[in-house]
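**Q** fold the following for me, if possible:
(chains A, B, C and D)
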Protein chains: 2
Amino acid sequence: MLDRDGFERFSLRRLAEHLGVTPMAVYNHISGKEALLRAVAEHVVAGAKYRAVRGDWRAAVRDCFRTLRRTCLAHPGAVPLIESAEALPPSIFRPMEITLTALEGAGLSSRDALRAYFLLTTFTLGQVSYQIRGWGRGVDPGSALRDDRLERDAFPAVVQAVSSRPWDFDASFEFGLAVIIAGLGAQRRE
Amino acid sequence: MLDRDGFERFSLRRLAEHLGVTPMAVYNHISGKEALLRAVAEHVVAGAKYRAVRGDWRAAVRDCFRTLRRTCLAHPGAVPLIESAEALPPSIFRPMEITLTALEGAGLSSRDALRAYFLLTTFTLGQVSYQIRGWGRGVDPGSALRDDRLERDAFPAVVQAVSSRPWDFDASFEFGLAVIIAGLGAQRRE
DNA sequence: ACCTGAACACCGTTCAAGT
DNA sequence: ACCTGAACACCGTTCAAGT
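**A** Next up is the predicted model:
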């Protein structure tokens, strides 16, 4: 229901109707709406299969966040729940463990490795979030600037860049990941 | 009210009560809740003052996203609105214009410059979002793993890293920004 | 031009009652 | 153990009526 109708449209009463049952029957199985949505988020997060990547830290980090991204994109309706979750199952720390181990092994300090993980995870989830809600809504300058001559003149580079469509989210994510890994490599050398 | 009570607690009826007026009076000034929240998001976004940074692209990009971050952090209650906004005022494209101009001037292709902007903006807004909701809730392994011996053994690097508290969001953001800019410098050289 | 009161269609949730 | 029906406290929104 979340993937089909979206997060905003979901309600316990609609769920009950979908199950052919009275709204209150749900409370025999779960303590409330919040607990139900948290359980969904936990289920999606727990479903991620992180491979044990041997070899260099770059491959390990790349594989790890590609997996995280793929897991999230498989359940777009659950992404808002994951982002706003107050508690998630231990498997959410797998990418963190992998990243910290890889980067500390590569010579980064414990503190920088943690910051690098924070960088990678906000980037990855941010890209997923924008992709799901559509890089159109609110951020697509194409629709916002299309007819407005005055605004177009104020943002020439934006107008020029937007003509190079369609947008490739996969390629954009890979670009960002490559940039971050290159930057971490530079950080490591210092 | 948004900054004080948070996004979830806000309702038109509470707003009306706060104004000492009937809930329906609001509709004489705005078409509905969605429009009101959008107007708030637009106001916050429009309030960002981006400086014209001359000199190298690194300084321009750094200053630009520092300003975006500071603007968002000044109104934590509005950040969810900005992230979920369907349309935002033209000033949301100022960072995009600045970034594209700076990076294309530095030799990146138009497509890569756009991807770099996407990287920078998802990173910046992601960091802000986590900071606002508290890098504790859901992502802080300290609370999730504290008492659980079994889980602690499964994530040694996480447990070790978390002891280096307290977390410095400013420093973490600066670290990420530096890594991205270093990575873009490497990308530029190819 | 702005506000009010009553009403409607939705919510999540509680509680007593059923089987 | 699980479901139901009625009810409560909240929503956003419409509409006719007031000044």
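
**Q** for the residue in chain A that DNA strand D sits nearest to, which non-adjacent residue is closest in space?
**A** Nearest residue of chain A to DNA strand D, counting by Cβ to the nearest atom of the strand: A:Thr22, 3.1 Å away. The way it works is simple: take the backbone N, C-alpha and C, and place the C-beta from them, glycine included. Distance criterion Cβ to Cβ, 6 or more residues apart in numbering or on different chains; nearest residue to A:Thr22, sequence neighbours excluded, is A:Ala16 at 6.1 Å.

**Q** flag the shaky bits of chain A, pLDDT-wise.
**A** Applying pLDDT under 70 to chain A flags residues A:135-150, A:164-165.

**Q** tell me, what residue is most central in it?
**A** Geometric centre of chain A, nearest residue: A:Leu125, 2.3 Å, by Cα atoms, centre = their mean.

**Q** can the strand or helix carrying that residue be found next to chain B?
**A** Per DSSP states H and E: A:Leu125 is located in helix A:110-133. Yes - using Cβ under 8 Å from any Cβ of the partner chain, helix A:110-133 reaches chain B at A:110-116, A:118-119, A:121-123, A:125-127, A:129-130, A:133.

**Q** buried only: go through these for me.
**A** Among these, those scoring as buried are A:112-116, A:118-119, A:121-123, A:125-127, A:129-130, A:133 (criterion: 16 or more other Cβ atoms under 10 Å in any protein chain shown).

**Q** wouldn't the residue nearest to the centre of chain A be in contact with A:Phe65 here?
**A** No - using Cβ atoms under 8 Å, A:Leu125 is not in contact with A:Phe65, being 9.7 Å away.

**Q** and the residue nearest to the centre of chain A, what is it in contact with?
**A** A:68, A:72, A:79, A:82-83, B:126 (Cβ atoms under 8 Å, 6 or more residues apart in numbering or on different chains).

**Q** just put those residues in CSV and tack on secondary structure.
**A** What follows is the contacts of A:Leu125, written out as CSV (DSSP: H, G, I helix; E, B strand; the rest coil):
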residue, secondary structure
A:Leu68, helix
A:Cys72, helix
A:Val79, helix
A:Ile82, helix
A:Glu83, helix
B:Gly126, helix
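
**Q** output the helix holding A:Leu125 as PDB, restricted to C-alpha atoms.
**A** Presented in PDB, the C-alpha positions along helix A:110-133 are these (Å, rounded to 0.1, in the frame of the first residue of the first chain):
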ATOM      1  CA  SER A 110      38.600   7.200  13.700                       C
ATOM      2  CA  ARG A 111      37.000  10.600  13.800                       C
ATOM      3  CA  ASP A 112      37.400  11.300  10.000                       C
ATOM      4  CA  ALA A 113      36.200   7.800   9.200                       C
ATOM      5  CA  LEU A 114      33.000   8.600  11.100                       C
ATOM      6  CA  ARG A 115      32.600  11.900   9.300                       C
ATOM      7  CA  ALA A 116      33.200  10.100   6.000                       C
ATOM      8  CA  TYR A 117      30.400   7.600   6.900                       C
ATOM      9  CA  PHE A 118      28.100  10.500   7.700                       C
ATOM     10  CA  LEU A 119      29.000  12.100   4.400                       C
ATOM     11  CA  LEU A 120      28.300   8.900   2.400                       C
ATOM     12  CA  THR A 121      25.000   8.100   4.200                       C
ATOM     13  CA  THR A 122      23.500  11.600   3.900                       C
ATOM     14  CA  PHE A 123      24.600  11.700   0.200                       C
ATOM     15  CA  THR A 124      23.100   8.300  -0.600                       C
ATOM     16  CA  LEU A 125      19.800   8.700   1.300                       C
ATOM     17  CA  GLY A 126      19.500  12.300  -0.100                       C
ATOM     18  CA  GLN A 127      19.900  11.100  -3.700                       C
ATOM     19  CA  VAL A 128      17.400   8.300  -3.100                       C
ATOM     20  CA  SER A 129      14.900  10.700  -1.500                       C
ATOM     21  CA  TYR A 130      15.100  13.200  -4.400                       C
ATOM     22  CA  GLN A 131      14.800  10.400  -6.900                       C
ATOM     23  CA  ILE A 132      11.700   9.000  -5.300                       C
ATOM     24  CA  ARG A 133       9.900  12.300  -5.000                       C
END
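
**Q** could you check the angle helix B:110-133 makes with it?
**A** Here the directions of helix A:110-133 and helix B:110-133 differ by 110 degrees (axes from the mean of the first three to the mean of the last three Cα atoms, to 10 degrees).

**Q** chain center to helix A:110-133: distance?
**A** In terms of Cα atoms, centre = their mean, to the nearest Å, the centre of helix A:110-133 is set 8 Å apart from its chain centre.

**Q** likewise for stretch A:40-51?
**A** The chain centroid and the centroid of stretch A:40-51 are separated by 13 Å under Cα atoms, centre = their mean.

**Q** and that stretch, what's buried?
**A** For stretch A:40-51, by 16+ other Cβ under 10 Å, it's A:40-42, A:44-45, A:48, A:50.

**Q** what segments of chain A are helices?
**A** Using DSSP state H, the helices found in chain A span residues A:2-5, A:12-18, A:33-46, A:57-74, A:79-84, A:94-105, A:110-133, A:141-145, A:149-154, A:156-162, A:169-189.

**Q** minimum distance to B:Ala157: which of the ones you listed has it?
**A** B:Ala157 lies closest to helix A:94-105 among those, at 3.9 Å (Cβ to Cβ).

**Q** packing partners for that closest one?
**A** Under the contact definition 3 or more Cβ pairs under 8 Å, 6 or more residues apart in numbering or on different chains; DSSP states H and E, helix A:94-105 sits against helix A:57-74, helix A:110-133, helix B:156-162.

**Q** just give me the closest of the buried ones among the residues of helix A:110-133 next to chain B to DNA strand C.
**A** Of all these, A:Arg133 has the smallest distance to DNA strand C: 20.8 Å, by Cβ to the nearest atom of the strand.
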